[in-house]
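K.L.:
build the 3D model from these lines:
(one chain, ligands or ions: 1)
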Amino acid sequence: MRMYDLILKKRNGGELTKPEIDYMIRNYTDGKIPDYQMAAMMMAIYFRGMNERETADLTLAMADSGDRLDLSDIPGIKVDKHSTGGVGDKTSMALGPMTAACGLPVAKMSGRGLGHTGGTIDKLESFPGFRTELSEEQFRRQVRDIGIAIMGQTADLAPADKKLYALRDVTGTVDNMSLIASSIMSKKLAAGADAIVLDVKTGSGAFMKEEADSRALAEAMVDIGRKTGRKMAAVISDMDQPLGRAVGNALEVREAIDTLRGQGPRDFTELCLTLGSQMLLCGERAKTPEEARELLQEAIRSGRALEKLADMVEAQGGSREDVYHPENLANASLQIRITAPDSGYIRHIACDEIGMCSLMLGGGREKKEDVIDLTVGFELCRKVGEYVEKGGCLAVMHANDPDRAAAARERFLNAVEIGAEKPAERPLIVDIR
Ligand code: URA
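P.N.:
Coordinates of the predicted model:
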């Protein structure tokens, strides 16, 4: 078999067989197929697509490209959660401690930023000293001892996805249903959870912008999970504007902490309660969504959820003081108010564009090797449906480089549509499946 022939086959609209997919993934993981050939294959898949069988075979080939984590020594049902990626999506940082405080063991492997979206692992590194690389033994021990650990995907876990994820990020091949479904599900299958709750985004900030595509993605992943014996739930949630008000690594950490204090933005808090309820139901910690919601709210009110985050930060090398005093986290040198050019309602915020603005400030990667500036980003003063006077605040931009700030400001203004008519409200939770 030759990779060259497989690229041609897919480029010409052919269907890859299981042995061909296994060959491609095995040899790419081992470094025998170079990045440039795999990039060409990703682009061919992007344009030609994969059918259900190819997607399932790709998922299993990637899940089996390395070790599978054994979580059987951690008592209870292990429930994992994964988001398809968004802007301002700091959910795992709040949801992990909330559900752990309700007694659900949280053993979570998270990713770095991809395309215009941020990643939990980058965000957590805003805590000075925080280690996102743990050995599997440390990871398991921490979950047994304090009930929660969040770490980066280890090199041994779905290494094919790790390589491919970074390659897709810089070759314009992220937003394809089969590639997203296989990427997410390969990691989740290898990470050893018994149940998986998916947060599938839809709208201008999501990889799948149309609701029908998001539903199809949710179904594809739920199907793969169920076929491999996992309990599955999927929430389809709106990502047509940034989630919450903060976009940017350290800024999002602060907003997650506010949320764990019960002072978070309404939309973000609601999403955490919805996903958390699904997790508690899958983990058999609650019998009804209402009971689950009440348990999560009590974990916030009592301070136990915030304490769990502090426990985790401390266990992974950071200082719990930073959780209780997030104002101590590093700040960008420039804080610039972006003001409204006209009065009116915020009719639309092109969410992926806000992600790109944050990336331009240095908050994301343009190349695989780029180092992220954790301090930059935006705090939105207005969200869709809110009124602003001419000259009123649209956002506070946090930046370190005046030239980048000027370019990002212009792009930000182009991404926000202001008009006389109040727009119709989009539901945050589109569906639960
Ligand atoms: N999240 C992932 O883990 N993989 C993707 O391809 C997209 C989002």
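K.L.:
around the ligand, pick out the residues from the stretch 51-200 of the chain.
P.N.:
Contact residues, the stretch 51-200 of the chain versus the ligand (Cβ under 6 Å from any ligand atom): 84, 85, 111, 114, 165, 174, 179, 180, 183, 184. For the C-beta atoms, the positions are set from N, CA and C on the backbone; glycine is no exception.
K.L.:
residues contacting residue 66?
P.N.:
Contact analysis of residue 66 by Cβ atoms under 8 Å, 6 or more residues apart in numbering lists 29, 155, 156, 157, 158, 159, 160, 190.
K.L.:
sorry, back to before: just curious, which of the residues of the stretch 51-200 of the chain next to the ligand is nearest to residue 365?
P.N.:
residue 114 (8.7 Å; Cβ to Cβ).
K.L.:
my guess is that closest one meets residue 85, correct?
P.N.:
Yes: between residue 114 and residue 85 there is a contact under Cβ atoms under 8 Å: 5.9 Å.
K.L.:
higher neighbour count, these two?
P.N.:
Taking other Cβ atoms under 10 Å, residue 114 and residue 85 do not tie; residue 85 has more neighbours (27 against 21).
K.L.:
chain neighbours aside, what residue packs nearest to that one?
P.N.:
Nearest residue to residue 85, sequence neighbours excluded (Cβ to Cβ, 6 or more residues apart in numbering): residue 117, at 3.9 Å.
K.L.:
could you pull up phi and psi at that neighbour?
P.N.:
Note on residue 117: backbone dihedrals following degrees, to the nearest 10 are phi -100, psi 160.
K.L.:
and the gap between the residue in the stretch 101-250 of the chain positioned nearest to the ligand and residue 55?
P.N.:
Using Cβ to the nearest ligand atom, the closest approach of the stretch 101-250 of the chain to the ligand is made by residue 183 at 3.4 Å. Separation of residue 183 from residue 55 (Cβ to Cβ, to the nearest Å): 11 Å.
K.L.:
where along the stretch 101-250 of the chain do the strands fall?
P.N.:
All strands of the stretch 101-250 of the chain, identified by DSSP state E, counting those that start in this stretch, fall at 106-110, 148-152, 195-202, 231-238, 246-247.
K.L.:
for the third one, name the packing helices and strands.
P.N.:
This points to strand 195-202. Here strand 195-202 touches strand 79-83, helix 211-227, strand 231-238, helix 266-282, going by 3 or more Cβ pairs under 8 Å, 6 or more residues apart in numbering; DSSP states H and E.
K.L.:
let me see the mean pLDDT of the third one.
P.N.:
Translated: strand 231-238. Averaging pLDDT along strand 231-238 gives 97.
K.L.:
in its sheet, what does it sit against?
P.N.:
strand 195-202 (parallel), strand 429-432 (antiparallel) (DSSP bridges).
K.L.:
is it anywhere near the ligand?
P.N.:
No: remark: strand 231-238 sits outside contact range of the ligand, by Cβ under 6 Å from any ligand atom, the gap being at least 13.8 Å.
K.L.:
which residues touch that strand?
P.N.:
Applying Cβ under 8 Å, 6+ apart, the contact partners of strand 231-238 are 77, 194-203, 211, 214-215, 218-219, 221-222, 225-226, 271, 274-275, 278, 281-282, 426-433.
K.L.:
again, only this time at 6 Å
P.N.:
With contact meaning Cβ atoms under 6 Å, 6 or more residues apart in numbering, strand 231-238 is reached by 195-200, 202-203, 214, 218, 222, 225-226, 271, 274-275, 278, 282, 426, 428-433.
K.L.:
likewise for the last one?
P.N.:
Helix 266-282 is contacted by residues 79, 94-95, 98-99, 102, 195, 197, 199, 231, 233, 235, 237, 243-244, 259, 286, 289, 292-293, 296, 428-429 when judged by Cβ under 6 Å, 6+ apart.
K.L.:
kindly report the same for stretch 314-332.
P.N.:
So stretch 314-332 is contacted by 126-127, 129-131, 142, 146, 250, 254, 257, 309-310, 313, 375-376, 398-400 (Cβ under 6 Å, 6+ apart).
K.L.:
kind regards, and thank you for your time.
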